[in-house]
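In: need a structure here:
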Amino acid sequence: MQFPVVNYHSPTAAQDFCKSLHETGFGVLANHPLDQHLVDGIYAEWLAFFGSEAKHKYAQDPVKFDGYFSPAVSETAKGNDKRDLKEFYHIYPWGRYPAEVSDAAQRYYKEGSALAAELLKWVEDNSPPEVRARYSEPLPKMIEGCDQTLLRVLHYPPLRGNEEPGSVRAAAHGDINLLTILPAATEPGLQVLGKDQQWYDVPCDFGLLIVNIGDMLEEASGHYYPSTTHRVLNPTGEGRFKSRVSLPLFLHPRRDVVLSERYTVKSYFDERMQELRGKK
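Out: The predicted structure is shown next:
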């Protein structure tokens, strides 16, 4: 599987990017407008935050789902019975935010959301007419006024050798939202499942921006844009002793948006959450 790296400033960037999304569920952007120095700073200060006891002051809210999620309450991917080897912090515009870090992640949230809205416009403009006709409203409008877009600061700790057999940093899964945008993480490991059922490495050069389709956009587009299964491998060799930090922004539409004849965003989201909670 090929993941063409698309230059954001290319005159054919939108077409090339959306072609990759259609064929693989992933798009890779270079020379994008997100500030790499801002991302670097977020990685550094949040790695220190995860290494401190301060994180426990912000233990996750079981209703609102903001705050800090320890490895003990980390995610279990659909169809898997072991928790992922990770800890993370959920940032919403209305949620709790640690006093121990700067406002860099909040600024990134705004910048990333603005870029994601532009990419949604690319997706709509480059959808075939019959696919575009399926959208209940323009794709960028679906996120207007929504405060559910989630910035997750993820920390995959170094492996200690005592992990539960079969547990991995992130088991194979699909994202539930419209689009996910992800600056290249501090370490490699992200893979996508191809149509041939083989796993392929996603480019991870620092400075690249990885974008993938979520289940809601797959539903809204009648599966024209596929929500491709992906995972994060456990590292080997010297990589076992290194942390991995990543910064996915999950773009969510308003709950009242109609995705298809079968689902609104709310009914789709509630069904997926029930599936996740039902197996824990």
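In: and the gap between Phe269 and Val73?
Out: The gap separating Phe269 from Val73 is 20 Å, by Cβ to Cβ, to the nearest Å. Where C-beta positions appear, they are placed from N, C-alpha and C, glycine not excepted.
In: which of the two has more neighbours?
Out: Set Phe269 next to Val73 and count neighbours by other Cβ atoms under 10 Å: Phe269 wins out with 20 against 13.
In: which secondary structure elements does the lengthiest strand in the chain contact?
Out: In the chain, taking DSSP state E as the definition, the longest strand is strand 150-156. Applying 3 or more Cβ pairs under 8 Å, 6 or more residues apart in numbering; DSSP states H and E, we find strand 150-156 packed against helix 36-50, strand 87-91, helix 104-125, strand 244-246, strand 249-251.
In: any idea which of the ones you listed gets closest to Phe3?
Out: Closest to Phe3 of those is helix 104-125 (Cβ to Cβ; 15.9 Å).
In: check which helices and strands the closest one sits against.
Out: So helix 104-125, by 3+ Cβ pairs under 8 Å, 6+ apart, packs with helix 13-24, helix 36-50, strand 87-91, strand 150-156, strand 179-183, strand 249-251.
In: redo those as JSON lines? Include mean pLDDT and mean neighbour count.
Out: Converted to JSON lines, the helices and strands packed on helix 104-125 look like this (pLDDT from 0 to 100; neighbours: other Cβ atoms under 10 Å):
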{"stretch": "helix 13-24", "mean pLDDT": "96", "mean neighbour count": "19"}
{"stretch": "helix 36-50", "mean pLDDT": "97", "mean neighbour count": "17"}
{"stretch": "strand 87-91", "mean pLDDT": "97", "mean neighbour count": "22"}
{"stretch": "strand 150-156", "mean pLDDT": "97", "mean neighbour count": "22"}
{"stretch": "strand 179-183", "mean pLDDT": "96", "mean neighbour count": "24"}
{"stretch": "strand 249-251", "mean pLDDT": "97", "mean neighbour count": "24"}
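In: out of these, which comes closest to Ala59?
Out: Nearest to Ala59, of these and by Cβ to Cβ, is strand 87-91 at 10.6 Å.
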